[in-house]
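In: model the structure of this input:
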Amino acid sequence: MKARSASFHTIRLVPGQKLRESLAAWAQTHAIDAAAITTCVGSLKKAAIRYANSNAATITEGKYEIVSLTGTLSRHGIHLHISLSDGDGKTTGGHLMDGCEIYTTAEIVLAELEGVVFRRLPDAGTGYLELNVEKKS
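Out: Purely as a prediction, here's the structure:
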């Protein structure tokens, strides 16, 4: 499915805000049907990441730089992955879960895709809610 065009939005989250929850709420508030993260820089003081082949989030507290945030979001669902580095430069990453708390800032640029709708639908093969792209009517 091809998007007709894209509009860009910039969001800045401040200390104490929750990363995933804030992005999901922003998509709801602005009636976003399809968007992708184009860039994100910032830091966390609390991280909640679900690592590959794990069922639960691993929660850690410390000072982390956001070195990557990628994924899709809409008011119909969200799927994001994050990479973080600690004070020694050790990097970890995985599925972004609720509970990540901003330390100093998160500066995020989103591309809103026109003409398509992202929905998350059950997939019998994976057992997860997977991306379904529909033409916007």
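In: can you map out the helices along this protein?
Out: Taking DSSP state H as the criterion, the chain carries its helices at 19-29.
In: do you know the pLDDT at the residue nearest the centre of it?
Out: The centroid of the chain falls nearest to Leu80 when counting by Cα atoms, centre = their mean (3.5 Å). Predicted confidence (pLDDT) for Leu80: 98.
In: for the spatially closest residue to it that is not a sequence neighbour, give me its contacts.
Out: With Cβ to Cβ, 6 or more residues apart in numbering as the criterion, Leu80 has its nearest non-adjacent residue at 3.5 Å, and that residue is Gly71. For the C-beta atoms, the positions are set from N, CA and C on the backbone; glycine is no exception. Residues counted as contacts of Gly71 (Cβ atoms under 8 Å, 6 or more residues apart in numbering) are 36-37, 78-81, 96.
In: go again with 6 Å.
Out: Listed by Cβ atoms under 6 Å, 6 or more residues apart in numbering, the contact set of Gly71 reads 37, 79-81.
In: mind checking which of those are in strands?
Out: The members of the contacts of Gly71 that map onto strands under DSSP state E are 37, 79-81.
In: please pick the buried ones from those residues.
Out: Burial by neighbour count, 16 or more other Cβ atoms under 10 Å: within the ones in strands among the contacts of Gly71 this picks out 37, 79-80.
In: before we move on, back to that, which of the contacts of Gly71 lies closest to Ala25?
Out: Leu80 (13.8 Å; Cβ to Cβ).
In: what pairs with Val133 across the strands?
Out: Taking DSSP bridges as the rule, Val133 bridges to Phe118.
In: so it sits right up against Met1, yeah?
Out: Yes - in this structure, Val133 is within contact of Met1 by Cβ atoms under 6 Å, at 4.3 Å.
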